[in-house]
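Colleague: Give me a model of this one.
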Amino acid sequence: MGTTKVSRQIGNKTLTIETGKIAKQAAGSVIVTYGETVVLSAVVTGTPRPGIDFFPLTVDYREKLYAAGKFPGGFFKREGRPSQKEILTMRMTDRPLRPLFPEAFKDEVLIQAAVLSVDQENDPDMLAIVASSAAVAISPLPTTDTLGAVRIGRVDGKLIINPTQSEMENTDLDMVVAGHRDAVNMIETGALEISEEVALEAIRLGHKAVVEICDMIDELKEKCGKPVTWQAPPSPDALLDRLRRDYGDEIRRCRSIGPKLERKEALKVAYNKALDEICPEDAENPEFDRNVVYSCLDTVESEIVTDMILTSGKRSDGRRPEDLREITSEVGILPRVHGSALFMRGETQALVIATLGTGRDEQTVDGLFEEYSKKFMLHYNFPPFCVGEVKRVGAVSRREIGHGSLAERCLEAVMPSPDDFPYTVRIVSDIMESNGSSSMASVCGGTLALMDAGVPISQPVAGISIGMVHRGDKHALLVDIIGEEDHFGDMDFKVAGTQFGITGIQLDLKARGLSFEIMAEALQLAKKVRMQILKQMLSVIRQPRAETSKYAPRILTIKINPEKIGKVIGPGGKGIKGIEAETGARVDIEEDGTIRVSCVEMAGAKRAVEMIEQVTEEAKVGQIYVGRVTSVADFGAFIEIRPGQDGLCHVSELSTEYVRSVADVCKVGDTMRVKVINIDPQGRVKLSAKVLLLEEKKEGQPA
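Modeller: Have a look, this model is predicted:
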C-alpha cells in the first residue's frame, strides 16, 4: 500500500498528516509534520483482560533527543525514564481521547508517540495529540468522534494559533484546546491574569482550528481508514431495571449520608447485598457476572446522584449546587520551615510548605529545546492515607505530576522577578485529606505558604472546581465538587486566578462536549466563588510578611565587571572557596558579573560581599590604602593594596627624607599607608607614602 497524505494551513504553517510509510504493522500509524517538527504516533490493540471493569488505555510519548541533534546526558547516553514534559503530554493526549471510546469498550489499547525531528520553534506536544487521534481514526478501533488540538497564545493583545517558541516568550497566555467537530472537551491553560472574556475568545478561536484538523483526519480516514471490527455487547437494560427497582431506594438513602467515609461504608454494604443476592460468589453458573452487576450498580448510583441534584437541588453532603464548603486556613504552623500553611475546604485538606533556596537550588531542565533553569517549582503528593485506603507506595504518579504542574502554573503568574527576589522557591503540597479538587486546594495553600515565607507575590491566587450534571437539555453547575461528583458528573472545570484575572484553567469532560454558553456560565461562577475564597484567605494573612524566616538564607546581590570574575574565583577556585570557608556563605556567579551571596546569618553574607569587593574594587587615583609589602627592589617596594593587586612605591616616594636604600624604610611583610598617585594606561598603579606624610604634616601646622 502506498502512502496517503493530507495537508492544510493551520495557523501560519502547513500541517501535514501522512500514513502508509512507517510502522505499517501497527493497527494505525501516522506521521505529522508542522514546520520541520515531525512526530510519529502508532496505536496497537489487544483482547480485553478477563474480569476487567475499566478501559485500559495507555498513552506513551517520548522526545527522542536525536530529534534536536543532542546526546542524552548521564553515563548510559540513552533516553531513560520520561521527563515531566513527556508525562504532561501523555496526560494531555489521554484526557481528550479517552471519552471518545464507547463506555462498553474494554480492549487493551496502547498509543505510542515519538518526536522524530524538532525545529526548536514548533512544540511537538500538540502534534502528538493530533498524530495519536489520526492513528486511532484510521485503525479498526471504535470512537465516536475525531479529535483535534491546538495551542493558543496572545502577543500584544492578538491571539495566535500554534505560536512559535519565540512568540511564547512574549505571550501572556498559553492555552491548549482539544475537542471534536461539535465541541471542546479538554482545556489546559496558564495565563497572566486574563479576563474570562479573553479566555472564552481564545477557546472559540482554538475550536475553529480544531474543526479544521478534524476535517483533515476525516479526509485521511475516508481514503485509507480500516473498518471497525469491535461489536458492542448487548445492553444490560433488564439488569438495570431490576437494580433500579430492588436497590434504588437503598442507594438513594445511602447517598443522603453527609460524611464521606460513612456514606462510602453504607454504599459498600448496599452494593455487597445486591451482588450477593444476584450473583453469589459460590454460585457455579450465576445469571450475571459480578463485574457487570457492579458496573450497573455504579450506573444506577450515577442516575440517582443526577436526579437528586436536578429535581431537589440537593447534593450528597446536603449543599445546594451553588454552595461552597466551609473553608478554614492557618499559616506558620511548622516552626523550622520557611513558610507553611494548612488549607481546608470541607473534607479536602492540603499541608503546603514553601522553601527558599539559592541559585544552586535551581532545577536545570534539559530536553529537546534549549536548556534552562527553573527558579520556582511546585510538587504535589497524594498519599493513600488521604482517602483512607491501602495502596502500594511507589514512584510519583502521572496524576501527582499533572496536579503539581497545574498548581505551579496557576501560581507562576504572580511570582516576583529574580531581580526583585533572587531566591529559588520550592512549594510542596502534601494532601492530608481528599474529597474533591485537591489541586485547587494546593493553589490556595500555596499562596498562603508563599506569603508566610515572605515571598512578595504580586497578588494572592485562589482556585475552585466547577462540576456539572445534566439530563437532556437540563443541567446544573456544581460549585466545589466532591470526589463522587467528579466520578458521577460530566465535568471537572478547574479555574484559578487573582481578583484581576485568570492564571490557570484545566477542563476535563466525561460528557461528549461542552457548549460555549455553559462554558461562559461556569467561568463567571468560578470568578464569583474565587472572590469568596480570596476573602477568607486574606482574613488569615493580609499580605506577604515583611521579612523571610530567620531559618531562610539571606541573599545579597552585587554586580562586578565580568572581567573580574576570574579574580573572585581565583586559580583552581581557591579564591571563592576561601571566601566561602571564612564566611560560611555560598557565592553564585553569573556570566554577566551578577554575584549572589547567600548565608543563613546576614553577617556572613555581608562579610563575603566585603571580601568580593576588595578583590574586584578598581583602584582610583587619590585612594588611600593600608597595604603589605610583598617584595623590595633597588628602585622601590611593591605593596599589595588589595587581594591580588600590587602597586609600586618608588624609592623617591617612600619618605619625605632622602632614602639611601629601600631596606632602610621597609622590608617584606611590613604594612604601609600609601596613596595612589597615578595609574598608567597599562593599569600599573603608582603609590606614594611621601604624599601622605606631607599632607599630614600640613594639616598639623597652625592656621
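
Colleague: okay, and for the stretch 1-150 of the chain, where does confidence drop off?
Modeller: Within the stretch 1-150 of the chain, the segments meeting pLDDT under 70 span 1.

Colleague: who touches A476 in this structure?
Modeller: 309-310, 313, 321, 468-470 (CB atoms under 8 Å, 6 or more residues apart in numbering). C-betas here are computed from N, CA, C, even on glycine.

Colleague: again, only using 7 Å
Modeller: Contact analysis of A476 by CB atoms under 7 Å, 6 or more residues apart in numbering lists 309-310, 321, 468-469.

Colleague: The residue nearest to H180 when sequence neighbours are not counted in helix, strand or coil?
Modeller: With CB to CB, 6 or more residues apart in numbering as the criterion, H180 has its nearest non-adjacent residue at 3.6 Å, and that residue is D145. Classification of D145 by DSSP: H, G, I helix; E, B strand; the rest coil places it in coil.

Colleague: Helices of the stretch 501-650 of the chain, start to end?
Modeller: Taking DSSP state H, counting those that start in this stretch, the helices of the stretch 501-650 of the chain run over residues 516-538, 565-569, 574-583, 602-616.

Colleague: can you give me the helices in the stretch 151-300 of the chain?
Modeller: Under the criterion DSSP H, counting those that start in this stretch, helices of the stretch 151-300 of the chain are mapped to 165-168, 196-224, 237-255, 260-278, 290-312.

Colleague: average pLDDT for the third one?
Modeller: Spelled out, it's helix 237-255. Per-residue pLDDT over helix 237-255 has a mean of 92.

Colleague: Equivalent analysis for the last one, please.
Modeller: Within the predicted structure, the mean pLDDT of helix 290-312 is 91.

Colleague: what mean pLDDT would you report for the helix or strand following it?
Modeller: The helix or strand immediately downstream of helix 290-312 is strand 327-331, counting by DSSP states H and E. Averaged over strand 327-331, pLDDT sits at 97.

Colleague: same deal with stretch 594-608?
Modeller: Averaging pLDDT along stretch 594-608 yields 89.

Colleague: Residues in contact with it: which ones?
Modeller: Looking at what lies outside stretch 594-608 - CB under 7 Å, 6+ apart - the contacts are 358-359, 422, 553-560, 579, 583-589, 609, 612.

Colleague: circling back: now render the helices of the stretch 501-650 of the chain as TSV, adding mean neighbour count and distance to N678.
Modeller: Shown next, in TSV, are these (neighbours: other CB atoms under 10 Å; distance: least, CB to CB, whole Å):
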stretch	mean neighbour count	distance to N678
helix 516-538	18	62
helix 565-569	16	22
helix 574-583	16	27
helix 602-616	18	21
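
Colleague: okay if I get the ones you listed as JSON lines plus distance to D125?
Modeller: Below are those laid out as JSON lines (distance: least, CB to CB, whole Å):
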{"stretch": "helix 516-538", "distance to D125": "23"}
{"stretch": "helix 565-569", "distance to D125": "38"}
{"stretch": "helix 574-583", "distance to D125": "40"}
{"stretch": "helix 602-616", "distance to D125": "42"}
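
Colleague: The ones you listed: which one's closest to E653?
Modeller: E653 lies closest to helix 602-616 among these, at 23.5 Å (CB to CB).

Colleague: Determine how far that closest one lies from the middle of the whole chain.
Modeller: Here helix 602-616 is found 36 Å from its chain centre; the criterion is CA atoms, centre = their mean, to the nearest Å.

Colleague: Alright, I will stop here.
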